[in-house]
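Engineer: pasting the structure only:
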Ligand SMILES: Cc1cc2nc3c(=O)[nH]c(=O)nc-3n(C[C@H](O)[C@H](O)[C@H](O)COP(=O)(O)OP(=O)(O)OC[C@H]3O[C@@H](n4cnc5c(N)ncnc54)[C@H](O)[C@@H]3O)c2cc1C
């Protein structure tokens, strides 16, 4: 196949076209034309700045892996037209780079038939979805598979599969893109809530059935650390904890209250720190279900009595999962507090809101306030100054409410609502009221 043919197929792959019947991929000349024409009003929507991510310190980093796209043969190609299926940033519900007719880039499928060995990654799955930390752990698992395959005398007869273990209800739809070759999904009442004894019984059964080459856990407060430590005690093996650089020989782990690095021979059980590896982003995986032969029943001594309702404002800002944050664009403070209460969100603030005396100092988010790690950060009337951005670098989803569509917070946000904060919060409160009265469907 000639170079031209590859490019031709690659263009078809990258989403400036739709799928017709019979799964034929069709190009959309209009989308291609707009993306070439910088003066076209829709040009910005078609062209996404690729490979740029905001790191945990708030700095904008270029990810060289994000440039180009994977062609149909799995070969990486530079995307000169910069037409790429949009991933982040939407204004008023319009996803940038995903104009009508564009389809998400179809990544090549990585298959593992009859694996010679397995690596088992136990997921936190907070709120039923993979966390960023879970994805880092899966990325690390694939790094180990690659290293093991490289070291093997005959790589073709030695292939490993990454098995994800998931407990409880799952809402995740992208296990394939996160690098899951096989999945063991243990659900049902017995795995809901806090039940480490039953989960360890299941992990012991997996150990007996698969004898994985490595066990990987996110070293997190969401269960990964506890399960990893309990399994290590049960198996009588010493785990590596807070490991952030791992290969088949040596693991470097954070120690001494994060102040020192400890190098040690890589053990079989790994409790991994966040950002230990890049998440998978270039391939899809099979996600084939694996059944457990049997799980021994256990007599449990811990009984989960359910969650206790807490005032979200009692949760330390650094640990809050959902933050409603106020800036200089808030003009009705009573309304803001009511919205936070109704949403069940922890309150945060920009420095201006604090300096002006509307919010206490301990609510300030940012470089000179608290660095937050919320799953959802809802910024109302906050411009997105660099000092504020530093504090929200690790938030998973950012939603902006602002009158200025060009401000930095809107650029950073995964979803933006452009309009007056008072009007939008009033509408939000109205919808919440309908929902509380039982009209959930209307509110949705
Ligand atoms: C050394 C240093 C440390 C700092 N540390 C921090 C820190 O830790 N945290 C921090 O936050 N800041 C910090 N700052 C301050 C920072 O530089 C910004 O000044 C501050 O973050 C701006 O706050 P703001 O976005 O609320 O206000 P503004 O910059 O005034 O922005 C207000 C935003 O609200 C929007 N808006 C206005 N009216 C409405 C409306 N009716 N509806 C919707 N939107 C509206 C505007 O479009 C604008 O985007 C620091 C500064 C310095 C020099």
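Structural biologist: Here it is on my side, so go on. All values derive from a computational prediction rather than experimental measurement.
Engineer: burial of residue 238, as a residue count?
Structural biologist: Number of residues near residue 238 (other CB atoms under 10 Å) recorded here: 12. C-betas here are computed from N, CA, C, even on glycine.
Engineer: distance of it from residue 120?
Structural biologist: In this structure, residue 238 and residue 120 are 18 Å apart, going by CB to CB, to the nearest Å.
Engineer: Contacts only, for residue 117.
Structural biologist: 148, 158, 160, 161, 212, 213 (CB atoms under 8 Å, 6 or more residues apart in numbering).
Engineer: rerun that using 10 Å as the cut-off
Structural biologist: Residue 117 sits next to 145, 148, 152, 158, 159, 160, 161, 210, 211, 212, 213, 214 when contact means CB atoms under 10 Å, 6 or more residues apart in numbering.
Engineer: which two from these end up farthest apart in space?
Structural biologist: 152 and 210 (18.5 Å; CB to CB).
Engineer: higher neighbour count, the two?
Structural biologist: Per other CB under 10 Å, whichever of residue 152 and residue 210 has more neighbours is residue 210, with 19 against 15.
Engineer: For the helix or strand where residue 144 lies, name the packing helices and strands.
Structural biologist: Using DSSP states H and E, residue 144 sits within helix 132-151. Helix 132-151 is packed against strand 117-122, strand 160-167, helix 175-178, strand 214-218, helix 224-235, strand 240-246, strand 269-272, with contacts defined by 3 or more CB pairs under 10 Å, 6 or more residues apart in numbering; DSSP states H and E.
Engineer: cutoff 7 Å now
Structural biologist: For helix 132-151, the elements it packs on are strand 117-122, strand 160-167, strand 214-218, strand 269-272, judged by 3 or more CB pairs under 7 Å, 6 or more residues apart in numbering; DSSP states H and E.
Engineer: Just checking: what are the partner strands of the shortest one?
Structural biologist: Which is strand 269-272. With DSSP bridges as the test, strand 269-272 is paired with strand 214-218 (parallel), strand 240-246 (parallel).
Engineer: Deepest-packed of the ones you listed, please.
Structural biologist: Highest mean neighbour count among these (mean count of other CB atoms under 10 Å): strand 214-218, with a mean of 28.
Engineer: Please report the distance of the residue nearest to residue 143 when sequence neighbours are not counted from residue 236.
Structural biologist: Distances taken as CB to CB, 6 or more residues apart in numbering place residue 277 nearest to residue 143, at 5.3 Å, with adjacent residues excluded. Residue 277 sits 27 Å away from residue 236, taking CB to CB as the criterion.
Engineer: For the stretch 251-400 of the chain, what lies in contact range of the ligand?
Structural biologist: Contact residues (CB under 6 Å from any ligand atom) of the stretch 251-400 of the chain with the ligand: 327-329, 331, 350-353, 364-369, 381-383, 385, 387-388, 391.
Engineer: quick check: domain ranges of the chain?
Structural biologist: What automatic domain parsing lists as the domains of the chain is 3-95, 109-289, 312-443.
Engineer: Reformat those as JSON lines; add distance to residue 302 and mean pLDDT.
Structural biologist: Shown next, in JSON lines, are those (distance: least, CB to CB, whole Å; pLDDT from 0 to 100):
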{"stretch": "domain 3-95", "distance to residue 302": "34", "mean pLDDT": "54"}
{"stretch": "domain 109-289", "distance to residue 302": "6", "mean pLDDT": "93"}
{"stretch": "domain 312-443", "distance to residue 302": "22", "mean pLDDT": "93"}
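Engineer: These into JSON lines, with extra columns for distance to residue 300?
Structural biologist: Formatted as JSON lines, these follow (distance: least, CB to CB, whole Å):
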{"stretch": "domain 3-95", "distance to residue 300": "38"}
{"stretch": "domain 109-289", "distance to residue 300": "5"}
{"stretch": "domain 312-443", "distance to residue 300": "27"}
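Engineer: Out of these, the one nearest residue 301 is which?
Structural biologist: Nearest to residue 301, of those and by CB to CB, is domain 109-289 at 7.0 Å.
Engineer: Could you tell me the end-to-end distance of that closest one?
Structural biologist: Chord length of domain 109-289, first to last residue, is 16 Å (CA to CA, to the nearest Å).
Engineer: how far is that domain from where the chain is centred?
Structural biologist: 16 Å (CA atoms, centre = their mean, to the nearest Å).
Engineer: Tell me which of the residues of the stretch 251-400 of the chain next to the ligand fall in helices.
Structural biologist: Within these, residues falling in helices by DSSP state H are 351, 352, 353, 387, 388, 391.
Engineer: For PyMOL, what selects the buried ones among the residues you listed?
Structural biologist: Buried members of these can be picked out in PyMOL with the line below, counting by 16 or more other CB atoms under 10 Å:
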select buried, resi 351+352+353+388+391
